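Visitor: can you look at this prediction? I've put the sequence above it.
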There are 2 protein chains.
Amino acid sequence: MSTTAAAGFVAGGLASGIKPSGAPDLAIVATASGAPVIAAGVFTTNLVTAAPVQVSRAHLVNSRAAAVVCNSGNANAATGEPGRRDARRMCELTAAGLGIADLADVLVCSTGLIGIPMPMDALESGIPKLCAGLSSDGGTAAAEAIMTTDTVTKQAVEQAGVSGATVTIGGMAKGAAMLSPAMATMLAVITTDAAVEPGVLTRSLAGAVRSTFDCLIVDGSRSTNDTVLVLASGAAGNETLREARGPAFDAFTDALGTVCGSLAEMMARDAEGATKFVRVEVVGARSDADARTAARAVAGSQLVQCSLNGADPYWGRIISELGASGAYLDPERVDISYNDVTVCRDGVACAHDVAALAAAMAEHDITIHCDLRLAHGRATVLTTDLSHEYIDENRRTS
Amino acid sequence: MSTTAAAGFVAGGLASGIKPSGAPDLAIVATASGAPVIAAGVFTTNLVTAAPVQVSRAHLVNSRAAAVVCNSGNANAATGEPGRRDARRMCELTAAGLGIADLADVLVCSTGLIGIPMPMDALESGIPKLCAGLSSDGGTAAAEAIMTTDTVTKQAVEQAGVSGATVTIGGMAKGAAMLSPAMATMLAVITTDAAVEPGVLTRSLAGAVRSTFDCLIVDGSRSTNDTVLVLASGAAGNETLREARGPAFDAFTDALGTVCGSLAEMMARDAEGATKFVRVEVVGARSDADARTAARAVAGSQLVQCSLNGADPYWGRIISELGASGAYLDPERVDISYNDVTVCRDGVACAHDVAALAAAMAEHDITIHCDLRLAHGRATVLTTDLSHEYIDENRRTS
């Protein structure tokens, strides 16, 4: 269901011919009426932004959108002015196909290889065809069409009571590498039927992203195309959210965070070549920001990821990464455990049940818990191990 | 020759039994007379510092040393107060063995696994035995004894005319992983017969390290034990360097930089599992600092390293890392080449000789040249590719 779970949205996907494999590569999520609704977005902080990021950012100044057109198989990044022209043409074709009067009400996302011109022939014929076939149960087809090296679709739906009505939030995402959001990561398109003012939606999205997509690091590379978009139709009939605080805002943001968190977890679980799903929890830090800095350093460490690949409880690399992270710590207060088996206490090795530790390390899901024992700052960052298969997927683009 | 090339130094190495393999694991470099000489050091910026780093830092407040005792096979890191006691005991044993009156005139370095108590029995018998066997041609034996996963010794010697005399600088280093010095990296011990004041030696070392060890990144992990030490005997008879500027200082610092640069290059060439030796040159940046930030981001990128492993000229990942690095750039001015074959001009793909590019990528030594075309900032950072073998060397510690 994903992007079509909330009332007022249609979606669809098809194979337009961008991918030589013939797999689906074109998706559209749109309002059922073709009329614009409130929208917000978060984009990559990379200075090298793909053409669709530049175009979507410009279009979003109105804080509204009627459709999002996404393609996989080509990132339309490092393509210069021709790339921007192509991205705008994708919006134009979508607006024409769906009867959207203002071109700026269409947003565009691309994902795939960098530096290659868009095969516009495929889109010239594919977009009109797709526009004719959108439906209220097309969410899964759209989620399939944005996959690149993903092996499964990423979709999530959550409901919440918000100021007198049940609102639904549904989303889709893609991403299995180049994952190190310091902002959005990858592509995610979320729809909701909540009624919410633009500034409030932006704040809510920023809050939801901070503890979810921003807490995912697979390989430390922040992509040129990272985009998270949310469209809010208002069809749920709740009293419009006009303030970025209070119980209704919190309920909505929590639900949005749950959708984002589910999609982020799905991305880590489907990361290229991963054999482990890993949560790095840092608690007891001087601040939440310090905890996040420390957790990202551990999660993003190639050497820690190698140890995880070998199911090796080599916590020395973890304390070393904590110390190098930039977060403040007292090396001789740090405790570290793997799935509740404590291996380091007060910064040094401690006695532990060797069989229990071996069993913990053999699990697919590993939680590395680091207690800095300084204050109450905490953060959790998701990651994976580093495997031969990751290298194999990334050593040749063709 | 390395640490015994300069006049006034002796060295040696042996297998003390720290390494289960029976390989050499203990080295000492000392003044031939046992008297202290001027010394300087640079240490890791990791907050989690190994016990030997803490002890050597404390001992170096006098800016002098008579000996450096180094072991491989155990990092003596994350070992708490017992670890510091062990590191001090290593200095004590060395002082006793060499007739050095002041314990603080002995420096200590360790490298190997983190979090494991030092096997002091091996050192209690090994250090006295080694002290009895130091010689003026023991540099290579010392260099062998500090190796961990290194496959070759790293030694370098350089001479320079400094204020009326020929001075010699020789050094040894180890390091094949956990290489991301934002400061010193790994272990390096350098000796010289130059006469130089302590503050001037410190400045010279800092300058030499900045463009050499600090410009090496293999896996992004800054270790707990990084240490570079230099001892200056004054035996060359040059007029003592008393100022950190002028032609004599520059000649000395250039020669010291040549030794450090050679050792850094040897480390990259011997990095775990590496199949490529890579120079990432960034020119045209707003400043040298910006160039270094950008070059480090490209060099440290797991995805760039995967492409290099596959000999794949996927420059899209390079421009993406430049953009995410934090360095300023205009995405549509960037030029990128591999071994002089330009593949990206003005931030987009450009026509190139496909056969020449394939030949360039097949080379063992690859130079990635990135011109930001903004100003005159430049930096070169050394790195390698990322291979299956790197993972294999790091997935299990035993």
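Guide: Arrived safely.
Visitor: SS state for A:G13?
Guide: Under DSSP: H, G, I helix; E, B strand; the rest coil, the three-state class of A:G13 is strand.
Visitor: and it, how far from A:G171?
Guide: 15 Å (C-beta to C-beta, to the nearest Å). In this view, the C-beta of every residue, glycine as well, is placed from N, C-alpha and C.
Visitor: A:R395 reaches B:Q305, doesn't it?
Guide: No - taking contacts as C-beta atoms under 8 Å, A:R395 lies outside contact range of B:Q305: 9.4 Å.
Visitor: looking at those two, which is more packed in?
Guide: Taking other C-beta atoms under 10 Å in any protein chain shown, A:R395 and B:Q305 do not tie; B:Q305 has more neighbours (28 against 21).
Visitor: and the closest residue to the more buried one other than its chain neighbours, what does it touch?
Guide: Among residues not flanking B:Q305 along the chain, B:L386 sits closest, at 3.6 Å (C-beta to C-beta, 6 or more residues apart in numbering or on different chains). Shown in contact with B:L386 (C-beta atoms under 8 Å, 6 or more residues apart in numbering or on different chains): A:Q302, A:I391, B:G273, B:Q302, B:Q305, B:C306, B:L308, B:N309.
Visitor: then A:A349?
Guide: Contacts for A:A349 were tallied using C-beta under 8 Å, 6+ apart; they are A:W315, A:V343, B:A78, B:G115, B:I116, B:P117.
Visitor: ChimeraX command to pick out the buried ones of these?
Guide: Buried residues among the contacts of A:A349 (16 or more other C-beta atoms under 10 Å in any protein chain shown), as a ChimeraX selection:
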select /A:315,343 /B:78,115,116
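Visitor: so which of the contacts of A:A349 sit within strands?
Guide: When DSSP state E is applied, those are split such that A:V343 fall in strands.
Visitor: export the contacts of A:A349 to CSV and tack on distance to A:G207 and pLDDT?
Guide: Shown next, in CSV, are the contacts of A:A349 (distance: C-beta to C-beta, whole Å; pLDDT from 0 to 100):
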residue, distance to A:G207, pLDDT
A:W315, 33, 91
A:V343, 34, 95
B:A78, 36, 85
B:G115, 38, 85
B:I116, 43, 89
B:P117, 46, 93
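Visitor: looking at the contacts of A:A349, which is nearest A:G326?
Guide: The shortest approach to A:G326 among these belongs to B:A78, at 18.7 Å (C-beta to C-beta).
Visitor: can you pull the contacts of that closest one?
Guide: A:G316, A:I319, A:P331, A:C344, A:G347, A:V348, A:A349, B:V48, B:A50, B:I114, B:G115, B:T224.
Visitor: so who does the last one touch?
Guide: By C-beta under 8 Å, 6+ apart, B:T224 lies in contact with A:316, A:319-320, A:323, B:44, B:46, B:48-50, B:53, B:75, B:77-78, B:114.
Visitor: cutoff 6 Å now
Guide: With contact set as C-beta atoms under 6 Å, 6 or more residues apart in numbering or on different chains, B:T224 has these partners: A:S320, B:N46, B:V48, B:T49, B:A50, B:A77.
Visitor: distance check, it against A:A248.
Guide: 49 Å.
Visitor: for the third one, same thing?
Guide: A:P331 sits 45 Å away from A:A248, taking C-beta to C-beta as the criterion.
Visitor: state the three-state secondary structure for A:T383.
Guide: A:T383 ends up strand, using three-state DSSP.
Visitor: give me the domain ranges for chain A.
Guide: Here the domain parsing of chain A from automatic domain parsing is A:2-269, A:277-394.
Visitor: now, which of the contacts of B:T224 sits nearest B:A30?
Guide: B:A50 (21.4 Å).
Visitor: and for the closest one, the neighbour number?
Guide: Neighbours around B:A50, by other C-beta under 10 Å: 33.
Visitor: show me the contacts for the nearest residue to it once chain neighbours are set aside.
Guide: Once flanking residues are discounted, B:A50 sits nearest to B:A77: 3.5 Å by C-beta to C-beta, 6+ apart. Neighbouring residues of B:A77 by C-beta under 6 Å, 6+ apart: B:A50, B:I114, B:T224, B:N225.
Visitor: what's the burial count for the residue nearest to the second one when sequence neighbours are not counted?
Guide: Using C-beta to C-beta, 6+ apart and skipping residues adjacent in sequence, the residue nearest B:I114 is A:G316, 2.6 Å away. For A:G316, the count of nearby residues is 26 (other C-beta under 10 Å).
Visitor: what's the answer for A:T212, then?
Guide: Neighbourhood size, A:T212 [other C-beta under 10 Å]: 25.
Visitor: that one: what's it in contact with?
Guide: A:T212 is in contact with A:G257, A:C260, A:G261, A:A264, counting by C-beta under 6 Å, 6+ apart.
Visitor: which of those sits closest to chain B?
Guide: For the contacts of A:T212, the closest approach to chain B (C-beta to the nearest C-beta) belongs to A:A264, at 19.0 Å.
Visitor: A:A30 - that's part of a strand, no?
Guide: Yes - membership of A:A30 in a strand is supported by three-state DSSP.
Visitor: any regions of the stretch 51-200 of chain A where pLDDT drops low?
Guide: A:176-186 (pLDDT under 70).
Visitor: in it, which residue sits nearest chain B?
Guide: Counting by C-beta to the nearest C-beta, the stretch 51-200 of chain A gets nearest chain B through A:I114, at 2.6 Å.
Visitor: and that residue, what does it touch?
Guide: A:A75, A:A77, A:A78, B:G316.
Visitor: so which residues on chain A come close to chain B?
Guide: Applying C-beta under 6 Å from any C-beta of the partner chain, one finds that chain A approaches chain B through A:46-48, A:78-80, A:114-115, A:219, A:221-222, A:224, A:301-303, A:306, A:309-310, A:312, A:314, A:316, A:319-320, A:323-324, A:329, A:331-332, A:347-349, A:388, A:391, A:394-397.
Visitor: just the buried ones from the residues you listed, in PyMOL syntax?
Guide: In PyMOL syntax, the buried subset of those is picked out as below (16+ other C-beta under 10 Å):
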select buried, chain A and resi 46+47+48+78+79+114+115+219+221+222+224+301+302+303+306+309+310+312+314+316+319+320+323+324+329+331+347+348+349+388+391+394+395+397
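Visitor: looking at the residues of chain A next to chain B, which are in helices?
Guide: A:80, A:302-303, A:306, A:309, A:316, A:319-320, A:323-324, A:388, A:391, A:394 (DSSP state H).
Visitor: hang on, the earlier thing: and of the contacts of B:A77, the nearest to B:E239?
Guide: Using C-beta to C-beta, the contacts of B:A77 come closest to B:E239 at B:N225, 36.2 Å.
Visitor: which parts of chain A are helices?
Guide: Using DSSP H, helices in chain A cover A:51-59, A:80-98, A:120-131, A:139-145, A:198-210, A:247-269, A:288-299, A:302-309, A:315-324, A:354-362, A:388-394.
Visitor: please identify the deepest-packed of those helices.
Guide: Across these, averaging neighbours per residue (mean count of other C-beta atoms under 10 Å in any protein chain shown) puts helix A:315-324 on top, at a mean of 27.
Visitor: so who does A:A255 touch?
Guide: Taking C-beta under 6 Å, 6+ apart, one finds A:E158, A:A160, A:I169 in contact with A:A255.
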